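1. Based on what follows, work out the 3D shape:
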Amino acid sequence: MLRLNEYFKKGLKKILLRSIFVFLIILGVVWLVQAGPSEVVVSKIESFSESNYRFCQPKYNAHLENEYLRVSFDTNSLQFIVIDKRNNAQWKSVLEDEDAELNQTWNSFFNTPFIVELYDSTGNIKRTYSTRDAKISIKKRSSNMFTASIVFENIGASFDVSYELIKDSLRLKVDNINEGKYRLMGLYLYPYLGGSHEVVNGSFILADGVGAKIDLSKKTVATAPFKARLYGQDIGFREVLPYSYFKNVKDPENYSLPLYGILYATDLQNSENIVNKHVSGLLTVIEEGDMYAEINAFKSGIVTDHNWITARFVLRDLHKKLLNKAGEGMTIPQEELNTKKFTVRYFFVPNTNEFSLVQRFVEEYSKKSDPTDGYTFKFDVLMAEAKKSTFGYSLVKMTSQEQFVKIKSVLRESIPESLFVLVGYTEGGLSLSSPKHLPLEKRIFGRALQPLEDYFYMNYILSPKESKSLNKINIALNRLEQLMEYEGKYVLSPRFVKSFVIKEKREFAKVGIKKFALGSVGNLAFSTQDMTREEVVTGLTTALRIFDKPIVYGFNWYVISLAGALSNISLTNSGYEIEDEVLPIVPYVLRQFLPIFSVPLNLSSDYNRALLACIEYGIFPSFYLTWESSEKLVDTNSKDLVSTKFEDWLPKILTAKEMYERAQLFINSRLVFREQISQDVFLNTYDNGTKVLFNYSDSPFNFNNKIVKPVSFAVIQAR
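-> The predicted structure is shown next:
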């Protein structure tokens with residue numbers, strides 16, 4: 001009987017253990033089925049209550065002064081006015097007199113040096129104004145600089161700001177940004193500096209794509225302002241959708257340089273006492289914190305009757321927090337601040353125009369300068385692609401090594417200094433490469449390799465989804481904890497790239513490859529789940545410096561110290577309604593630092609206009625070539641390469657070479673003045689005295705009895 005009881009107890013114990021085990025399995029299955037991203041815990045935030053409206057008229061009681069400028073401050077509000085001693089032009093930092101046509105919100109905005117944006121309990125972004133809500137105290141002071149402390153007691157936020165007068169400029173540095181009970185979202189500083197009222201004789205200068213001009217002397221039909229994040233939107237905060245509703249909508253051009261400009265003539269800011277009638281300019285350069293700067297420009301007629309342009313600093317980005325696998329979620333601010341400091345420098349430039357204004361940027365920041373004398377062409381040559389087949393992928397041969405040698409021999413005979421970049425040389429073809437670019441495809445190169453003296457294209461930022469060498473653990477995660485994608489490709493983890501490039505550089509050396517072209521580096525700045533945008537960009541550019549003077553694709557300013565040349569320079573801007581014309585200030589700046597190449601001209605929708613723009617802007621041309629017809633690419637990821645056959649494009653390449661020969665009189669000179677004399681017709685003056693007429697229209701143009709053919713140029717006055 002005792003043994004029976006023991007047996008019964010053991011059996012019961014086994015059943016109990018099995019039941020617990022089964023129960024745990026069921027719980028695990030239920031958890032896996034219902035699992036989504038972790039539960040969102042949102043801390044309770046007080047509702048923000050605004051103080052009463054107050055307009056502050058400046059009472060200037062302190063000064064910074066040198067031989068160029070006199071800056072007068074109101075130390076109670078930090079409002080200031082700059083007098084340019086060279087031409088008596090005045091630059092007011094705020095709206096000094098209340099505008100009866102504006103509501104209290106806009107009067108406060110234009111009257112305030114510092115506007116802080118915060119996230120309150122309603123899920124909305126509210127603003128607090130330094131003239132109304134901040135306590136300001138001067139900490140240090142000398143003849144050319146002073147430092148102040150700004151405390152917003154109503155929200156518990158604070159920061160320090162310093163002002164330093166340096167020659168013809170005023171440097172403003174914000175540091176030690178701290179927050180209290182509210183999460184800070186953004187910060188404007190002096191949004192009305194250089195602002196004006198209604199239609200005036202002036203313009204705003206933007207580094208949008210190739211560059212853009214907002215003409216303040218014309219009324220606008222635009223209903224939206226210009227807003228652009230420096231170096232493009234941060235895709236680390238963008239949700240990755242299983243399909244895109246807007247896949248056919250073109251992304252805007254990147255805002256590539258950390259600057260913007262303001263120009264006014266005669267009636268500068270509607271002042272009644274202008275002594276000098278020349279144009280005065282204000283160039284704003286974001287020296288530090290540019291990764292988190294957003295340029296805002298409003299023209300009279302959009303929201304208010306005032307023109308103003310400023311940099312807004314994005315202290316936090318908003319992103320979606322997914323609650324389940326169905327994609328439902330809520331929009332929340334990121335946890336950490338993007339940055340706790342930034343620096344802006346204002347240059348005051350008399351007797352200037354669009355190009356001499358940005359020339360001040362070149363003079364101040366030209367630590368590296370390696371421009372090319374003469375001219376050169378760049379040819380990207382596709383060797384092979386991959387096409388999906390019944391049993392995986394098959395190779396699509398586009399250019400063998402022998403055929404490439406023939407292409408190179410013919411082109412070098414006419415254009416000796418031309419550069420060649422090999423694309424799709426990896427085993428399996430282009431779409432199966434990245435992050436691993438070796439070994440070479442033997443069906444293209446054969447076993448007996450010839451000397452490999454040309455550039456080899458690699459992409460350590462984006463990887464095709466078909467890539468055989470791609471491991472999902474090496475794909476970056478965004479702030480939504482999704483695998484990051486851009487234009488249908490995966491974004492590689494920066495941490496992985498930093499370690500991988502060292503190994504692959506050694507492998508390239510073993511096969512004699514010494515010249516490199518880096519894809520996507522110069523046009524894609526992003527954050528990841530655990531790295532800020534600045535950390536990613538700094539980490540990648542530092543890691544990629546092991547490649548000596550590579551050709552970098554993309555032209556954001558942060559790659560200028562990495563590159564030996566820049567490629568895929570845009571020939572247009574984003575085309576927003578508020579932008580009145582294309583203004584090529586970006587190539588004007590970049591070409592003084594290093595050689596720059598266009599997007600492939602043979603892939604342009606209007607080849608002749610694109611070629612003419614290259615010549616006018618001082619950009620060297622690029623072509624994307626194959627030996628075989630591009631019809632073979634129809635069923636591959638390179639189906640957008642609609643016309644690339646070398647035999648078809650050789651005559652046009654030789655004609656382009658002849659046009660560049662004719663442009664030798666001015667191609668290496670700096671543009672001094674660009675005047676539009678008719679629709680699509682421009683007269684350029686260069687610093688060597690040459691005058692050139694560019695006719696982009698479809699009709700001949702008669703200029704001083706000289707006929708200029710359609711979509712062509714003519715030298716009007718030689719040096």
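
2. C-alpha from now on. contacts and neighbour counts both.
-> Will do.

3. Now name the helix or strand holding the nearest residue to Glu65 once chain neighbours are set aside.
-> The shortest distance from Glu65 to any non-neighbouring residue, by CA to CA, 6 or more residues apart in numbering, is to Val71 (6.1 Å). Using DSSP states H and E, Val71 falls within strand 69-74.

4. I'd guessed Leu518 sits against Ile551; true?
-> Yes - Leu518 is in contact with Ile551 according to CA atoms under 8 Å; the separation is 6.2 Å.

5. quick one: the helices in the stretch 351-500 of the chain?
-> With DSSP state H, counting those that start in this stretch as the criterion, the stretch 351-500 of the chain has helices at 354-365, 401-414, 442-445, 494-510.

6. buried residues in the first one?
-> Residues of helix 354-365 classed as buried by neighbour count (16 or more other CA atoms under 10 Å): 354-362.

7. Show me what the strand holding Val71 is packed against.
-> strand 62-65, strand 79-84 (3 or more CA pairs under 8 Å, 6 or more residues apart in numbering; DSSP states H and E).

8. And the contacts of the first one?
-> It stands for strand 62-65. 70-75, 143-145, 165 (CA atoms under 8 Å, 6 or more residues apart in numbering).

9. Now do the contacts for the residue nearest the centre of the chain.
-> Centroid-nearest residue in the chain, with CA atoms, centre = their mean: Tyr231, separated by 1.6 Å. Residues counted as contacts of Tyr231 (CA under 8 Å, 6+ apart) are 254-257, 291, 523-525, 556.

10. most neighbours, which of the residues you listed?
-> Tyr255 (29 neighbours; other CA atoms under 10 Å).

11. ok, that one touching Phe226?
-> No - in this structure Tyr255 lies outside contact range of Phe226 using CA under 8 Å: 11.3 Å.

12. follow-up on the earlier one: okay if I get the helices of the stretch 351-500 of the chain as a markdown table plus distance to Tyr53 and mean pLDDT?
-> As requested, the helices of the stretch 351-500 of the chain are exported to a markdown table (distance: least, CA to CA, whole Å; pLDDT from 0 to 100):
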| stretch | distance to Tyr53 | mean pLDDT |
| --- | --- | --- |
| helix 354-365 | 38 | 96 |
| helix 401-414 | 70 | 96 |
| helix 442-445 | 73 | 92 |
| helix 494-510 | 48 | 95 |
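
13. among those, which is nearest Leu118?
-> helix 494-510 (30.8 Å; CA to CA).

14. Can you give me the buried ones in the closest one?
-> Neighbour-count burial for helix 494-510 [16+ other CA under 10 Å]: 494-495, 497-498, 501, 505, 508.

15. if we can go back for a sec, of all the helices and strands packed on strand 69-74, which one is nearest Glu631?
-> Glu631 lies closest to strand 79-84 among the helices and strands packed on strand 69-74, at 61.8 Å (CA to CA).

16. which strands and helices sit next to the helix or strand that the closest one is followed by?
-> Sequence-wise, the next helix or strand downstream of strand 79-84 (DSSP H and E) is strand 89-92. The contact analysis (3+ CA pairs under 8 Å, 6+ apart) places strand 89-92 against strand 79-84.

17. The strand it packs on vs strand 69-74, what angle?
-> Using axes from the mean of the first three to the mean of the last three CA atoms, to 10 degrees, the direction of strand 79-84 lies 160 degrees away from that of strand 69-74.

18. quick one: contacts of strand 79-84?
-> 58, 60, 68-74, 89-94, 112-113, 348, 350.

19. What pairs with it, parallel or antiparallel?
-> Strand 79-84 sits in its sheet next to strand 69-74 (antiparallel), strand 89-92 (antiparallel), going by DSSP bridges.

20. could you give the mean pLDDT of it?
-> In this model, strand 79-84 has a mean pLDDT of 98.

21. how far out from the middle of the chain is it?
-> 31 Å (CA atoms, centre = their mean, to the nearest Å).

22. Send me it as PDB with only the CA atoms.
-> Output in PDB follows, covering the C-alpha atoms of strand 79-84 (Å, rounded to 0.1, in the frame of the first residue of the first chain):
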ATOM      1  CA  GLN A  79      18.300  92.100 -29.300                       C
ATOM      2  CA  PHE A  80      20.900  93.800 -31.400                       C
ATOM      3  CA  ILE A  81      21.500  96.000 -34.500                       C
ATOM      4  CA  VAL A  82      24.600  95.800 -36.700                       C
ATOM      5  CA  ILE A  83      26.000  98.900 -38.500                       C
ATOM      6  CA  ASP A  84      28.400  98.100 -41.300                       C
END
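
23. Tell me which residues of that strand come out buried.
-> Neighbour-count burial for strand 79-84, with 16+ other CA under 10 Å as criterion, is recorded at 79-84.

24. Over to stretch 478-489?
-> In terms of neighbour count (16+ other CA under 10 Å), stretch 478-489 has its buried residues at 478-485.

25. Show me where the stretch 401-550 of the chain dips below the pLDDT cut-off.
-> Along the stretch 401-550 of the chain, the model assigns pLDDT under 70 to residues 447-449, 451.

26. As JSON lines, the helices of the stretch 351-500 of the chain with distance to Ser604 would be great.
-> Putting the helices of the stretch 351-500 of the chain into JSON lines (distance: least, CA to CA, whole Å) gives the following:
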{"stretch": "helix 354-365", "distance to Ser604": "27"}
{"stretch": "helix 401-414", "distance to Ser604": "21"}
{"stretch": "helix 442-445", "distance to Ser604": "28"}
{"stretch": "helix 494-510", "distance to Ser604": "32"}
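
27. Just tell me which of the ones you listed ends up closest to Val589.
-> Closest among those, using CA to CA: helix 354-365, at 6.5 Å.

28. other SSEs contacting the closest one?
-> Right, helix 354-365 is packed against strand 255-264, strand 280-288, helix 585-590, strand 671-678 by 3+ CA pairs under 8 Å, 6+ apart.

29. Which one of these lies nearest to Leu318?
-> strand 255-264 (20.4 Å).

30. What are the contacting residues of the closest one?
-> Against strand 255-264 from outside (CA under 8 Å, 6+ apart): 194, 200-209, 228-232, 279-287, 290, 353-354, 357-358, 555-557, 586.
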